[in-house]
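Participant: Next come a sequence and a model predicted from it.
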Amino acid sequence: MKLAKKIFARKKRREITLAGLAAVFLLGMLCVLPQVGADMAVRVSGGIDNWGLSFPEPGQTPIGNVDQKTLAEFDAYYVGDTAKPVIYLTFDAGFENGCTGQILDVLKKQEVPAAFFLVGSYIRDHSDLVKRMVDEGHIVGNHTNTHPDMSAIDNMADFEAELQAVEDYYRQTVGSDMPKFYRPPQGKYSESNLHQAKELGYKTVFWSLAYVDWYEDDQPTREEAFAKLLPRIHNGAIVLLHSTSQTNAAILDELLTKWKEQGFSFASLHDLP
């Protein structure tokens, strides 16, 4: 924070008084902001943020650094209908490493819809898997063309280009327009990004449950995965898993069964309230 320079002579006392009032105001704001809550985080300090969560109690809706009411202004979500025991299952993929076929097999067996957020090269290079996703009733969402830090992109033309390239690959592969669901790579976003996505007709989809599953050479064990994914599930959960994870592919059938045993059903992102 930049402090104004003080002037001497007769104005000095007056300016000290004004500075004092300003200091009181700023201190008051610093005290109030934490109480206002995480819903205002996107509007502070230039509006750039990384998506993050805190978990109060097992089974309860986690707290995002922007609340769902505020996100709704931008047609954005991190959680769905918290009044119902429903899960919205999503997968992110920047590349293919042989797990997706097994994941699709499990989803088909369990009759569970999912959304796959894919980058442009994935759609271009794995058209057979993309067609299968669509044919089996899953959503293919937009994860940008080159997986950049989207919060660094303020220009609408550059933002649109990242999404448009993926739409073009999708149309060439599937023969229809891409569903308008967008997930920022690494959860990096800005308030202007949320405006831009909404202007392009997209729903921005964050998540309310995820875990560290993306390191190829350091995959979680079955026990570690269940320790994160079972107690933290909650009504309206938007779950993010990486389809590149060998652990996820190995445990998915059992995981979906356990969630069903906990009383949860599964819905498509098209069903978000």
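Facilitator: Structure's in. What do you need?

Participant: got the phi/psi numbers for N97?
Facilitator: Backbone torsions of N97, given as degrees, to the nearest 10, read phi -130, psi 20.

Participant: again, but for F181
Facilitator: Main-chain torsions, F181, degrees, to the nearest 10: phi -120, psi 130.

Participant: Pull out the buried residues from stretch 102-118.
Facilitator: 102-104, 106-107, 110, 112-118 (16 or more other Cβ atoms under 10 Å). Every C-beta, even on glycine, is put in place using the N, C-alpha and C of the backbone.

Participant: And for stretch 58-74?
Facilitator: Going by neighbour count (16+ other Cβ under 10 Å), the buried part of stretch 58-74 is T61, P62, I63, G64, N65, V66, D67, Q68, T70, L71, F74.

Participant: Next, the contact list for the first one, please.
Facilitator: The neighbours of T61, taking Cβ atoms under 8 Å, 6 or more residues apart in numbering as the test, are V79, T82, S208, H234, N235, G236.

Participant: Show me which parts of stretch 221-233 are buried, residue by residue.
Facilitator: Going by neighbour count (16+ other Cβ under 10 Å), the buried part of stretch 221-233 is A225, K228, L229, R232, I233.

Participant: can you pull the contacts of the fourth one?
Facilitator: R232 is in contact with F55, P58, G59, P62, L209, counting by Cβ under 8 Å, 6+ apart.

Participant: Please name the nearest non-neighbouring residue to the residue sitting nearest the centre point of the chain.
Facilitator: Centroid check for the chain by Cα atoms, centre = their mean gives F206 as the closest residue, at 1.8 Å. Nearest residue to F206, sequence neighbours excluded (Cβ to Cβ, 6 or more residues apart in numbering): Y78, at 3.9 Å.

Participant: That neighbour contacts L240, doesn't it?
Facilitator: No. Taking contacts as Cβ atoms under 8 Å, Y78 lies outside contact range of L240: 10.0 Å.

Participant: so what sits against both of those two?
Facilitator: Contacts common to Y78 and L240, judged by Cβ under 8 Å, 6+ apart, are W207.

Participant: My understanding was that I233 contacts V86; is that so?
Facilitator: No. Counting by Cβ under 8 Å, V86 is not a contact partner of I233; they are 10.7 Å apart.

Participant: list residues touching both of these two?
Facilitator: By the contact definition Cβ under 8 Å, 6+ apart, I233 and V86 are jointly contacted by F264.

Participant: which ones are touching the residue nearest to the centre of the chain?
Facilitator: Here F206 is in contact with W51, G64, L71, A76, Y77, Y78, R183, P184, G187, I238 (Cβ under 8 Å, 6+ apart).
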